[in-house]
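[1] Quick one: sequence and predicted model below, then my questions.
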Amino acid sequence: MGRWQPKSEGFVLRDGTTMSDLIDIENREVSTRVLSDPEIYELELARIFGRTWTVVAHESEIPQKGDFVSRHIGEDPVIVSRDQKGEIRVMLNSCSHRGVKVCRADSGNTRHFQCPYHGWAFDGGGAFVGAPIAREQMQGTIRSKADLNLRAARTATFAGMIFATFNKDAESFDDYLGDFRWYLDLMFDRSDDGIEVLGPPQRFIINTNWKCPAEQHAGDGYHAITLHRSILEMLQKDTDPDEPFMSGLNVNWNGHGLRCLDTRKAVYDTVAALGADKLTDPLERLKLLPLGLTPDQVLRLPDRFSPAQLRILADFPPQVGGLFPNMGLFSNPAPLPSGPPMYKMVLHAFVPRGPNQIEFYNWFLVDRKCPNEIRDRMSRAATMSFGVSGSIEQDDAEMWPAMSEGTRGYYGRQGKLRYQAVGVEGKPEGWPGGGNVYDGFGKDDNQWNWWLRWAEMMGGTQEARKIQHLDAAE
């Protein structure tokens, strides 16, 4: 099979480079140039962040009317607000007069936003209210007031996570999640009470390209054996790849990816330490596992999930993954200095700040009605593992800049990112979830699926995905 040649709508860089020069479908390789090239980065802002859904906040950050937070979609600053009707709004933080940011606070509560340059005012939903000295009509009469509103984004929520896109023609949010919603329900939508953030997100700068953490979070468990070896050493475990990091199933769909780990084997000793390994009934096992739920909430799980879902939640829960293009997801156990392990729920966003820098957002979450003792233990488990002080994040935050630095020079840009560890696609008998499922030792399939989605969006064509299916058929 020849290499993929993009259709006429595919891009050609100024030096004549085409998409097929950057993505070698047959050999499952990606040019390292994509991690630093400014021209590619500008196209990503338009063709990826300008086209698809991205996470911007959690609704519990703006619980009251008038609450707002300032965030970004790509490099576009946005205001995420709850207007006076209680509706969630996401709008471009750029005055319709001269483009100045109308909101310069990270968060707060207000009925109106006023541009500091010429004083144009907008209500909490972004509608233009007026300009100073109303009798002079400094906004003119050429445009209607409605034409002068802050640019509004489409919004959608899942488990309180707020997603937005400025693309009016983007797929529906349901189509964006697709088969993945089934797994996300098990991770984050386990209670009628919902989830909330534990304070504002941690935010910090890492000198790396946004794609380095994004493709890893699609499902790269392999790096944990080496990079996170210290965790195994602290737990007095060897590096047998079958436990705890590589045993289970990889699932991907439309660029999204996650890992369903086998809790029947020793994951942080959670199962054996609590005696759950001796139980076969899913609900009885779930009562013992540290899900971050109260016993009453666990007993209500059959009201939300089918018997097949409960079996997956007990034996192969989705624990680590990411949503395309730039989101990381965690709902899994972590060790504590004393006592049994505790679940943590964590969201990441890798917000681009140029081709060689990201702003890392890190949210910690808990179920709304969990008691203070569980809330405290979940917070400590998350803080010890992730964020600026987390043992896992410190490892990763060292590698991503090294990946960017190693591929930025003249010869480094001529290298390849290789995804040639190919798994065997196929669902285990009775597996109820959708998507592309790979059982056994976790290979490169999730990350490769992430890159195929990247190529599809950058090239403006479905050709990359068609060839993936042809390869599978052969």
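    Thanks, I have the structure now. Residues are numbered from 1 along each chain as shown.

[2] Helix, strand or coil: sort out the residue lying closest to Trp431 once chain neighbours are set aside for me.
    Leaving aside its chain neighbours, Trp431 sits nearest to Val437 (6.2 Å; criterion: Cβ to Cβ, 6 or more residues apart in numbering). Where C-beta positions appear, they are placed from N, C-alpha and C, glycine not excepted. Here Val437 is recorded as strand under DSSP: H, G, I helix; E, B strand; the rest coil.

[3] again with Leu347
    At Leu347, secondary structure determined by three-state DSSP is strand.

[4] ok, it touching Val55?
    Yes - proximity of Leu347 to Val55 meets the contact threshold set by Cβ atoms under 8 Å, at 7.0 Å.

[5] Need the overlap of contacts for these two.
    Common contact partners of Leu347 and Val55 (Cβ atoms under 8 Å, 6 or more residues apart in numbering): 161, 327.

[6] Quick check: bridge partners of the residue nearest to Trp431?
    Under DSSP bridges, the beta-bridge partners of Val437 are Val251.

[7] Let me know how buried it is, in neighbour terms.
    Other residues near Val437 come to 20 when the count uses other Cβ atoms under 10 Å.

[8] Run through the residues that contact it.
    So Val437 contacts 249-251, 425-428, 431 (Cβ under 8 Å, 6+ apart).

[9] which regions of the protein sit below the pLDDT cut-off?
    1-10, 232-245, 265-279, 460-474 (pLDDT under 70).

[10] Find the residue at the geometric middle of it.
    Met327 (1.5 Å; Cα atoms, centre = their mean).

[11] how far away is it from His217?
    7 Å (Cβ to Cβ, to the nearest Å).

[12] Need the overlap of contacts for the two.
    His348.

[13] what about the nearest residue to Arg368 once chain neighbours are set aside, neighbour count?
    Leaving aside its chain neighbours, Arg368 sits nearest to Asp193 (4.4 Å; criterion: Cβ to Cβ, 6+ apart). Other residues near Asp193 come to 14 when the count uses other Cβ under 10 Å.

[14] Which residues are in contact with Asp193?
    Counted by Cβ under 8 Å, 6+ apart, Asp193 has contacts 297, 367-369.

[15] Whichever of the contacts of Val437 end up buried, select them in ChimeraX.
    To isolate the buried members of the contacts of Val437 in ChimeraX, using 16 or more other Cβ atoms under 10 Å:
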select :249,250,251,427,431
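
[16] circling back: just want the phi and psi numbers for the residue nearest to Arg368.
    phi -80, psi -20 (degrees, to the nearest 10).

[17] Now for the nearest residue to Asn109 once chain neighbours are set aside, how many residues are close by?
    Excluding the flanking residues, the one nearest Asn109 by Cβ to Cβ, 6+ apart is Gly66, at 4.4 Å. Residues within reach of Gly66, counting by other Cβ under 10 Å, total 15.
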